[in-house]
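>>> Fold the following and give me the result.
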Amino acid sequence: MLENDLLLSTFAKKYLDDFSEEQTMMYDRLINSPSNDWDIFYWIVEKKPTPKEFDNEIMNLLKRHAKNEERTALRQPDLH
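Numbers count the residues shown, from 1 in each chain. From the prediction side, this is the model:
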């Protein structure tokens, strides 16, 4: 889903290198466990409540990232 691709790729580019092992596991579980990409999107943009199992510091960081309070143009990072 393009919306998630944009949000998750820019989020990973910005934060993933600095995550602890535990934070990386939370992120991995979030992007690989739910079977419906729309659910993840709705949780990130706060259109649906986040299930308890995914309501953690990574989800909070993702929600803040999605708000784009700096109003920067989001584009998918270049592939290397």
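
>>> Which strands or helices does the lowest-mean-pLDDT helix or strand in the chain pack on?
Sorting the helices and strands of the chain by mean pLDDT, DSSP states H and E puts helix 2-15 at the bottom, at a mean of 90. Using 3 or more Cβ pairs under 8 Å, 6 or more residues apart in numbering; DSSP states H and E as the contact test, the elements touching helix 2-15 are helix 37-44, helix 57-67. All C-beta spots, glycine's among them, are computed from the backbone N, C-alpha and C.

>>> What residues of that helix count as buried?
Going by neighbour count (16 or more other Cβ atoms under 10 Å), the buried part of helix 2-15 is 7, 8, 10, 11.

>>> What lies in contact with the helix or strand following it?
Counting by DSSP states H and E, the element after helix 2-15 in chain order, helix or strand, is helix 21-32. The set of residues external to helix 21-32 that reach it, using Cβ atoms under 8 Å, 6 or more residues apart in numbering, is 8, 12, 16, 19, 40, 54, 56, 57, 58, 59, 62.
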